[in-house]
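J.: Sequence first, then the predicted structure, then my questions.
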Amino acid sequence: MKFSEIISPSQIVLDLKATDRWVAIEELVNCLVTQKCIVETRRDSVIHAVKTREKTMSTGIGFGIAIPHASTDAIEKVTAVLARSSTGINFDSLDNQPVKLVVLFLVPTGQYQQHLKTLASISRFLNDRDFREQAEQAKTADDLYQLILKRES
């Protein structure tokens with residue numbers, strides 16, 4: 001599965017307001033609710049699932065990156081939201097550095113292989129230094145989405 005298949009320009013937030021991971025998770029889930037990727041009545045259960053996963057070990061993997069994720073029965077297909085923070089978010093990252101790029105993704109319950117494949121796909125993008133630098137400079141959500149498409153081709 002390509003990253004571009006689980007995200008759209010409307011699921012890219014260029015000015016994440018949160019300064020800590022718990023508020024960031026809520027902000028990102030709210031984006032998915034606004035975009036109708038999650039039914040509003042399932043919002044709290046999705047937040048709970050992501051926060052529960054995050055409490056087991058921080059998804060702040062270093063280099064200014066975090067990939068919070070969870071399996072949930074609140075969705076029928078894999079979905080994600082990509083966000084950028086200009087100030088940085090305290091994600092209790094492995095390198096203790098603030099997070100600038102966050103991808104929150106959700107996978108339907110029971111789809112373990114898909115969960116691993118999605119995590120690997122997103123990690124490939126975010127571990128690419130050139131992509132991260134270009135993502136931090138993108139002026140619009142569509143510009144950032146075009147970067148994703150270009151990198152996939």
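T.: Alright, I've got the coordinates. Numbers count the residues shown, from 1 in each chain.
J.: Surely residue 59 is in contact with residue 50?
T.: No: the pair residue 59 and residue 50 does not pass the contact test of CB atoms under 8 Å, sitting 9.1 Å apart. All C-beta spots, glycine's among them, are computed from the backbone N, C-alpha and C.
J.: Need the residues touching each of the two.
T.: For the pair residue 59 and residue 50, residues contacting each of them under the criterion CB atoms under 8 Å, 6 or more residues apart in numbering are 68-69.
J.: could you pull out the helices for this structure?
T.: Taking DSSP state H as the criterion, the chain contains helices spanning 21-34, 43-56, 112-126, 129-137, 141-152.
J.: And the pLDDT for residue 118?
T.: Residue 118 is assigned a predicted lDDT (pLDDT) of 88.
J.: got it, and residue 42?
T.: Residue 42 carries a pLDDT score of 96 in this model.
J.: Then residue 87?
T.: So residue 87 comes in at 93 (pLDDT).
J.: Could I get the phi/psi values of the residue lying closest to it once chain neighbours are set aside?
T.: Once flanking residues are discounted, residue 87 sits nearest to residue 19: 6.6 Å by CB to CB, 6 or more residues apart in numbering. Reported as degrees, to the nearest 10, the phi and psi values for residue 19 are phi -120, psi -10.
J.: these two touch, right, residue 19 and residue 99?
T.: No: in this structure, residue 19 sits apart from residue 99 without contact. The criterion is CB under 8 Å, and the distance is 10.3 Å.
J.: Show me which of these two is the more surrounded one.
T.: Neighbour count, other CB atoms under 10 Å: between residue 19 and residue 99, residue 99 has more, with 29 against 13.
J.: That'll do, ta.
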